[in-house]
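S.K.: Can you look at this prediction? I've put the sequence above it.
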Amino acid sequence: MSDHPKPQGKKTNKKRNWLLAILAVLLVAIGLSWPTDYYIEMPGEAVPINLFMKSKNKKPNNFYLVTVSETTRPASVLRYLLSYTQKFYTRVPKEQLLGDATSSQYQELQNWYMETSQQNAIYYAAKKAGLKPKLNYEGVYVMQVQKNSSFKSKLQIGDTVLGANGKRFHSTEEMIAYFQKMQIGSNVVINVLRNGRERKFTGKIVKVAGTNKPGIGIQLIEHVKITTKPKLSINAGAIGGPSAGLMFTLASYETFTQQNLAKGHKIAGTGTISVKGQVGAIGGVDKKVVAADKAGAEVFFAPTDTTVLKKSESNYAVACKTAKEIKTKMKIVPVGTFEDALNYLNKHYR
């Protein structure tokens, strides 16, 4: 009697197939988790503004800012693909969202936009309430450094330029005029505030892109602080961007005047605010309408500003289209100025 070895081929093939299947699953998992060059934007939430306000006066209870949520880092392939199944989710190219900034620099920019929005809101609301707000100039924020600037590797987004060559500036106009009187190529020492500490940097005057006039080659926004009596401050925490300007102004005005503008009705809205009370367009208004409706808002203020948009693509037009699409009972109200919003409240909630 002889022993016959059992065939090994089927066992080997089965084992190999299992290994190949596991490998395929791993490769698919790795592929789906691989980051894309896109960020995903989606409806955020409606947040009561009184949570961010600090004042001795009674604060309003019925005004809401509305946010757009976005992924904190580029979306994975899986999340990118799934976003196509979600209504009002938008895929934004990294280059379009961040430009030349890093993720942290972009977030800093949003924080500075928010701070400027708050200052504008308090200033205009105080003036409208008959108070005398004091505007304190603190310098200019560095929003971007041009490629030809000799300060390219020295300045950071968010630095505040205070002065130059031992001279302190008292307005943005004064700073620009000072640099424009200098010769291109001449040396300049600028004073900068960074993280609460003052520093000095030496560079040269260059031809500023866009104007072709002498300057240090930065894109800037004025850094001001507003003081009022009674004192009012706003701190929105991690929420960034300038789009809550209108709603901050309404809440600030009600705080200063101690009126009851909303009469218990839930009012949401969006739009930037200027020191002259103009309401500007923002991004993601469709997502904000969805978020406001979900929170139970009765009214949504939407900017009519067409400075950089076609009339058919204005925030108001898109908001109306979105409201119809989601079949909301929320009223979409067009606003071009702070007065438009105030007049609506006075007319409907006396």
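M.R.: Sure thing, it's come through.

S.K.: Which residue ranges of the stretch 151-300 of the chain form helices?
M.R.: Taking DSSP state H, counting those that start in this stretch, the helices of the stretch 151-300 of the chain run over residues 172-180, 245-257, 285-294.

S.K.: Give me whichever of the ones you listed is most buried.
M.R.: helix 245-257 (a mean of 27; mean count of other CB atoms under 10 Å). Where you see a C-beta, it was placed from the backbone N, CA and C, and this is true even at glycine.

S.K.: Check what pLDDT Y137 gets.
M.R.: Per-residue pLDDT puts Y137 at 85.

S.K.: What strand or helix carries it?
M.R.: Secondary structure assignment for Y137, by DSSP states H and E: strand 134-145.

S.K.: which helices and strands sit right next to that strand?
M.R.: helix 103-128, strand 160-164, helix 172-180, strand 218-227 (3 or more CB pairs under 8 Å, 6 or more residues apart in numbering; DSSP states H and E).

S.K.: Correct me if wrong: V68 contacts V290.
M.R.: No. Using CB atoms under 8 Å, V68 is not in contact with V290; the gap is 9.9 Å.

S.K.: Mind listing the shared neighbours of the two?
M.R.: Common neighbours of V68 and V290, using CB atoms under 8 Å, 6 or more residues apart in numbering, are P43.

S.K.: hmm, back to that, show me which positions of the strand holding Y137 end up buried.
M.R.: Neighbour-count burial for strand 134-145, with 16 or more other CB atoms under 10 Å as criterion, is recorded at 137, 139-145.

S.K.: what angle sits between it and strand 160-164?
M.R.: 100 degrees (axes from the mean of the first three to the mean of the last three CA atoms, to 10 degrees).

S.K.: Run the chain-centre distance for strand 134-145.
M.R.: 17 Å (CA atoms, centre = their mean, to the nearest Å).

S.K.: Partner strands of it and their direction?
M.R.: Applying DSSP bridges, strand 134-145 is found paired with strand 160-164 (antiparallel), strand 218-227 (antiparallel).

S.K.: Most tightly packed of the ones you listed?
M.R.: It is strand 160-164: most buried of the strands paired with strand 134-145 by mean count of other CB under 10 Å, with a mean of 20.

S.K.: Can I get it in PDB, CA atoms only?
M.R.: Presented in PDB, the C-alpha positions along strand 160-164 are these (Å, rounded to 0.1, in the frame of the first residue of the first chain):
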ATOM      1  CA  THR A 160      -0.200  95.200  11.700                       C
ATOM      2  CA  VAL A 161       2.000  97.900  10.100                       C
ATOM      3  CA  LEU A 162       2.200 100.800  12.600                       C
ATOM      4  CA  GLY A 163       4.700 103.200  11.100                       C
ATOM      5  CA  ALA A 164       7.900 103.600   9.100                       C
END
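
S.K.: which other residues reach that strand?
M.R.: 138-142, 168-169, 175, 178-179, 188-194, 198, 216, 218, 220, 223.
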